[in-house]
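Peer 1: Pasting the sequence and the predicted model now:
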Amino acid sequence: MELKPRRKVIVAKEVGFCFGVKRAINLTKQALSERGDVFILGDLVHNKRVTDELEGKGLRKVEDYQDEKGTMVIRAHGLPKARIQEAKDQGLEVVDATCPIVLRAQEAAQTLERDGYQVVIVGDRNHAEIKGILGALEQPALVVDNLEELREAKANYTLMRKVGVIFQTTHALELCNQIVNEMLMMCKEIRIINTICRPVQNRQDDAVELASKVQLMVVVGSRTSANTVELAALCRHYNTETVQVQNADELEYTVFRDCNVVGLASGLSTPEDLVEAVRQKILFYDAEPAAPEPALATA
């Protein structure tokens with residue numbers, strides 16, 4: 001007997017892995033199949049299911065490469081160029097799985113620095129991508145993630161009058177616009193290179209449009225994934241009934257029980273089958289979990 005859907009689910013136009021994530025995973029799998037000892041600093045991408053599968057195939061996650069031998073995979077978010085060169089000088093084989101869009105952001109920052117601008121990066125200074133961009137520069141750059149940090153930099157005279165601006169590739173354009181608009185009032189000369197990833201922007205635009213049309217918006221992806229967290233926050237701005245889950249098991253029935261139309265989107269490093277599992281649960285699940293039976297008393 002065919003199950004009848006209990007509600008409508010509208011899936012965003014693009015879900016699952018983006019190009020950069022697919023490329024990083026494929027490069028790592030190829031290295032694992034061709035080389036004996038393969039390791040990585042940190043997680044290749046921000047999704048535990050993905051990293052667990054790769055580690056199951058033999059990928060080792062290490063804290064440092066100083067005493068290592070074999071092949072080092074560079075995560076999709078990149079590494080500072082000095083660390084990459086150190087690894088090569090140590091005799092390690094290097095498989096660079098850095099997303100090409102992240103590499104372009106590094107090159108944009110270098111261009112601004114060469115042209116005499118103070119480099120300002122709009123992003124999270126603790127994110128691996130930002131650390132990689134900082135490591136690509138000769139001079140320290142200013143990193144700001146909100147208006148308060150920008151105003152503090154101005155008050156402390158760490159924001160110069162001639163600045164070159166780039167953006168963390170996964171940042172929301174709305175937030176970047178807010179910071180740049182305020183910066184226009186503070187600086188004499190500003191040069192902007194838009195380094196926001198186009199697939200990220202497309203997903204954000206599509207998700208925002210979808211969120212404004214549905215009763216509930218569900219975003220699937222890891223809580224350690226910056227682009228997923230930001231996507232959920234952006235959707236929440238347009239629909240307060242927005243939830244982020246890492247998988248179908250985390251989605252409580254009470255959240256979508258009274259909904260007729262639900263929107264579904266995902267982060268860039270979320271496997272498509274995880275999104276499909278969430279879709280199936282929303283479509284067909286229609287009963288409160290059964291209460292556990294009381295334990296029988298023992299004599």
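Peer 2: Everything's here; your move.

Peer 1: Can you point out the buried residues in stretch 163-183?
Peer 2: The neighbour-count check on stretch 163-183 (16 or more other CB atoms under 10 Å) flags 163-172, 175-176, 179-180, 183 as buried. C-beta here means a position set from N, CA and C on the backbone, and glycine is covered the same way.

Peer 1: Provide a list of residues in contact with the spatially most central residue of the chain.
Peer 2: With distances taken as CA atoms, centre = their mean, Asn227 lies nearest the centre of the chain, 3.3 Å away. With contact taken as CB atoms under 8 Å, 6 or more residues apart in numbering, Asn227 is in contact with Thr170, Val200, Gly221, Gly267, Leu268, Ser269.

Peer 1: burial count for the last one?
Peer 2: Neighbours of Ser269 under the rule other CB atoms under 10 Å: 28.

Peer 1: same deal with the one 4 residues further on?
Peer 2: By the criterion of other CB under 10 Å, Asp273 has 11 neighbours.

Peer 1: Show me the contact partners of the helix or strand that contains it.
Peer 2: Asp273 belongs to helix 272-284 when assigned by DSSP states H and E. Residues outside helix 272-284 that contact it (CB under 8 Å, 6+ apart): 3, 5-7, 9, 11, 15-17, 49, 218, 220, 245-248, 251, 256, 262, 264, 266.

Peer 1: so of the residues you listed, which ones are in helices?
Peer 2: Among the contacts of helix 272-284, DSSP state H puts Arg49, Phe256 in helices.

Peer 1: List the buried residues for stretch 235-247?
Peer 2: Judged by neighbour count (16+ other CB under 10 Å), stretch 235-247 contains these buried residues: Cys235, Arg236, Asn239, Glu241, Thr242, Val243, Gln244, Val245, Gln246, Asn247.

Peer 1: ends of it, how far apart?
Peer 2: End-to-end distance for stretch 235-247: 18 Å, by CA to CA, to the nearest Å.

Peer 1: how far out from the middle of the chain is it?
Peer 2: When C-alpha coordinates are averaged (CA atoms, centre = their mean, to the nearest Å), stretch 235-247 and its chain have centres 16 Å apart.

Peer 1: Also stretch 11-20?
Peer 2: Offset of stretch 11-20 from its chain centre (CA atoms, centre = their mean): 12 Å.

Peer 1: Also stretch 101-114?
Peer 2: Distance, centroid of stretch 101-114 to centroid of chain: 19 Å (CA atoms, centre = their mean).

Peer 1: can you check stretch 263-275 too?
Peer 2: For stretch 263-275, the distance to the chain centre is 12 Å (CA atoms, centre = their mean).

Peer 1: Quick check: of the buried residues of stretch 163-183, which lies closest to Leu150?
Peer 2: Nearest to Leu150 among these is Ile179, at 5.7 Å by CB to CB.

Peer 1: hang on, the earlier thing: mind giving me TSV with the buried residues of stretch 235-247 and columns for distance to Gln280 and pLDDT?
Peer 2: As requested, these are arranged in TSV below (distance: CB to CB, whole Å; pLDDT from 0 to 100):
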residue	distance to Gln280	pLDDT
Cys235	21	96
Arg236	24	96
Asn239	22	98
Glu241	20	98
Thr242	20	98
Val243	17	98
Gln244	18	98
Val245	13	98
Gln246	16	96
Asn247	12	96
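
Peer 1: Tell me which two in the residues you listed are the farthest apart.
Peer 2: Taking CB to CB, no two of the buried residues of stretch 235-247 sit farther apart than Asn239 and Asn247, at 21.4 Å.

Peer 1: thinking again about what came up before, can you give me the mean pLDDT across the helix holding Asp273?
Peer 2: The pLDDT scores in helix 272-284 average 96.

Peer 1: just stretch 142-153 next, same as before
Peer 2: The average pLDDT within stretch 142-153 is 96.

Peer 1: Quick check: end-to-end length of it?
Peer 2: End-to-end distance of stretch 142-153 (CA to CA): 8 Å.

Peer 1: So for it, what gets flagged as buried?
Peer 2: Using 16+ other CB under 10 Å as the burial criterion, the residues of stretch 142-153 that qualify are Leu142, Val143, Val144, Asp145, Leu150, Ala153.

Peer 1: and of these, the nearest to His77?
Peer 2: Val143 (14.8 Å).

Peer 1: circling back: just the ones in strands from the contacts of helix 272-284, please.
Peer 2: Using DSSP state E, the subset of the contacts of helix 272-284 located in strands is Val9, Val11, Val218, Val220, Val245, Val262, Leu264, Ser266.

Peer 1: Do I have it right that the fifth one meets Val218?
Peer 2: Yes. Counting by CB atoms under 8 Å, Val245 does reach Val218; the two are 6.5 Å apart.
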